[in-house]
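*Asks:* Task: produce atomic coordinates for the following.
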Amino acid sequence: MDDYKTLIRQAFGDSSEDSGDDDRHRQLEGSHITDESESVFGEIPKWERISEIKGLSLCRDFLTPDQQSTLLASILQEGWFTDASHNQAMRFGDLPAWANELSTCIRELIQYSTYDPESMDTSNCEMDGEDCTFPSKLLNREPLFNQLIANSYQPGEGICAHVDLMRFEDGIALISLESSCVMHFSRFENEVAANGKQLEPKIPVYLTPGSLLLIWGEARYRWQHEINRKPGFQKWDGQEIMQKRRTSITLRKLCHGK
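*Replies:* Sure thing, here's the model as predicted:
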């Protein structure tokens, strides 16, 4: 656990004891995380399993507000988002240093996650599927990620329903910054049609600033995801989410030879 805490401090700085608690309390308002939740500088961060979807796990307290600010500053230094018309940047192969540090922190976090290694087969996560945050066959690959997408969304801007391209391997990490939002997951229509089933309701996932979402297995291949930030679509616990600029970082691994 000390290795993880050291890595994340080195990459994104220390947490502010004065402002971090208040900011985090506001950050998690409306979520299912309780006041007793621990920060990355205390006990092991907690994961939420999205029970309806196998292969989908959420860590809301991956980065503190101060660490988010440090990460955003690193992104801005890249010069990608000089004006509102430049809202996306992609990198393949050699990633920026901060992205490699982010990947290392993700790996360390998963390794120190709250599972009992004596009660499950961590080599292939064959237990139930729901108890596995990220299969070791993905976690131990080198590099863990070699492609990133950085997006800067203005209020009202989102992403259409999609499944990530097959040119990327299984196992995707998404870090959400600045504005909270609801990402909706739905069964991939082609599979639903082939099975002759009716469309199932969309599954909402509430992404707070500093949260980390891991997508693999069924969640990666059989579910499409979207973020509709038009008025009336962004609600959680019956309340409309205030629309602000939102920045996201998506990390993936390119298939060999692609």
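*Asks:* Which secondary structure state is assigned to the closest residue to residue 175 other than its chain neighbours?
*Replies:* Closest residue in space to residue 175, ignoring its immediate chain neighbours: residue 249 at 4.4 Å, by CB to CB, 6 or more residues apart in numbering. C-betas here are computed from N, CA, C, even on glycine. Using DSSP: H, G, I helix; E, B strand; the rest coil, the structure places residue 249 in strand.
*Asks:* where does the protein have low pLDDT?
*Replies:* Along the chain, the model assigns pLDDT under 70 to residues 1-44, 114-131, 190-199, 258.
*Asks:* which residues does the residue nearest to residue 175 bridge with?
*Replies:* In this entry, residue 249 is beta-bridged to residue 150, residue 175, by DSSP bridges.
*Asks:* Where do the helices of the stretch 1-150 of the chain begin and end?
*Replies:* With helices called from DSSP state H, counting those that start in this stretch, the stretch 1-150 of the chain shows them at 2-12, 20-27, 65-77, 97-111, 136-139.
*Asks:* name the helices or strands packed onto the shortest one?
*Replies:* Applying 3 or more CB pairs under 8 Å, 6 or more residues apart in numbering; DSSP states H and E, we find helix 136-139 packed against helix 97-111.
*Asks:* Return the backbone torsion pair for residue 225.
*Replies:* With angles defined as degrees, to the nearest 10, residue 225 sits at phi -130, psi 160.
*Asks:* need the helices for the stretch 151-258 of the chain, in chain order.
*Replies:* For the stretch 151-258 of the chain, the helices defined by DSSP H, counting those that start in this stretch cover 189-195, 218-221.
*Asks:* ok, and what's touching the shortest one?
*Replies:* The one in question is helix 218-221. By CB atoms under 8 Å, 6 or more residues apart in numbering, the surrounding residues in contact with helix 218-221 are 50, 53-56, 129, 163-164, 170-172, 185, 188.
*Asks:* Narrow those residues to those in strands?
*Replies:* Among the contacts of helix 218-221, the subset assigned to strands under DSSP state E consists of 56, 172, 185.
*Asks:* what sits against the second one?
*Replies:* Right, residue 172. Neighbours of residue 172 in contact, by CB under 8 Å, 6+ apart: 164, 214-216, 220, 250-252.
*Asks:* follow-up on the earlier one: burial measure for the residue nearest to residue 175, as a count.
*Replies:* If you count neighbours by other CB atoms under 10 Å, residue 249 ends up with 20.
*Asks:* Pull up the gap between it and residue 256, please.
*Replies:* The gap separating residue 249 from residue 256 is 23 Å, by CB to CB, to the nearest Å.
*Asks:* Residue 174 now?
*Replies:* Taken as CB to CB, the spacing of residue 174 relative to residue 256 amounts to 23 Å.
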